[in-house]
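Q: build the 3D model from these lines:
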Amino acid sequence: MRSLIILLFLSFLMSCVSDDSESILFNNEHILSEFISDKTFIQNEVIACSASDSEAPDLINVYFYPEMGSADFRLYESFSEDGKDFSKYQLVNLNSEPLFQGAMQIFKVRSQSKWFVVTFELDDTIEISTPIRSKVFSQPTIWSDVVAINQEESLMPEFSWDINSVENNAIFFQVVATEDLQFLSGTYTQENKFQYYNLNNVVLNVTQGTPPNLEKGETYVFTLMDVSLDNWVNEVIMTPFVAE
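A: Numbers count the residues shown, from 1 in each chain. The predicted structure follows:
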């Protein structure tokens, strides 16, 4: 069962990939600073991060959370050392794909670039993510299924995990989903533990409304991303579990 769910997730990640050798459009209309020059925009607003793929070492997965009503999802990349210089960012000619049945979105790209940003439009405003450092070659993301699950409190499993690198960690992102990867909850903690659905140590909650109660005997999937200060994912943990 575990291998089937992980295979489902990985096969999705590999289904659509871009190569930067043919995806970047080099003209002024596709430079980020030009794109936002006559628009209202907000920086550091889009929740986004990126990770290397578990199967293809040169593939980069750029994840982001689309706010309700947002549109025109765009990925920009920069080869400059200065990730804050928007004049160095070029548009990647690539569509995002839904993840967790659309609760999140993902861009999949092969690139030698140093930085990414994600943008989208919401209420006539361009929202821009904090620059995401690409470490696909220098610090590949670790993928595993190692997590402790305590189910002493019925239908409220508590997940805990080891910190891969304290110095590289800034925050943890958790997703609880159904067996077919329907998003139930999305939360951020600074501690290396999370209990469904207890918000006591949650510092950011991206769940829409209150998630449903788990059902005893049903299989669910827990996903954990260990995110660094520059928004690179140090480790992804993904494992199915049966609610008790």
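
Q: for residue 116, helix, strand, or coil?
A: strand (DSSP: H, G, I helix; E, B strand; the rest coil).

Q: what number of residues lie near the closest residue to it other than its chain neighbours?
A: Excluding its sequence neighbours, the residue lying closest to residue 116 (CB to CB, 6 or more residues apart in numbering) is residue 132, at 4.5 Å. No exception for glycine: its C-beta is placed from N, CA and C like everyone else's. Residues lying near residue 132 (other CB atoms under 10 Å) number 28.

Q: kindly report the same for residue 158.
A: The number of residues packed near residue 158 is 15, by other CB under 10 Å.

Q: list the contacts for it?
A: 149, 150, 151, 193, 194, 195, 196, 198 (CB atoms under 8 Å, 6 or more residues apart in numbering).

Q: swap in 6 Å and give it another go.
A: Contacts for residue 158 (CB atoms under 6 Å, 6 or more residues apart in numbering) come out as 150, 195.

Q: following the helix-or-strand element of the chain with minimal mean pLDDT, which helix or strand comes up?
A: Ranking every helix and strand in the chain by mean pLDDT, DSSP states H and E puts helix 20-23 at the bottom, with a mean of 43. Where DSSP states H and E defines the elements, the next helix or strand beyond helix 20-23 is helix 32-35.

Q: quick one: mean pLDDT for that following helix?
A: Throughout helix 32-35, pLDDT has a mean value of 96.

Q: just the CA coordinates for it, please, in PDB.
A: Extracted in PDB, the C-alpha atoms of helix 32-35 (Å, rounded to 0.1, in the frame of the first residue of the first chain):
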ATOM      1  CA  LEU A  32       9.700  40.400 -13.900                       C
ATOM      2  CA  SER A  33      10.600  44.000 -13.200                       C
ATOM      3  CA  GLU A  34       9.000  45.000 -16.500                       C
ATOM      4  CA  PHE A  35       6.000  42.800 -15.900                       C
END
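
Q: grab the most central residue of this protein for me.
A: residue 63 (3.2 Å; CA atoms, centre = their mean).

Q: who are the packing partners of the host helix or strand of it?
A: According to DSSP H and E, residue 63 maps onto strand 59-65. The helices and strands touching strand 59-65, judged by 3 or more CB pairs under 6 Å, 6 or more residues apart in numbering; DSSP states H and E, are strand 41-52, strand 104-110.

Q: how far does the longest one sit from the chain's center?
A: On the basis of CA atoms, centre = their mean, to the nearest Å, strand 41-52 sits 9 Å off its chain's mean C-alpha point.
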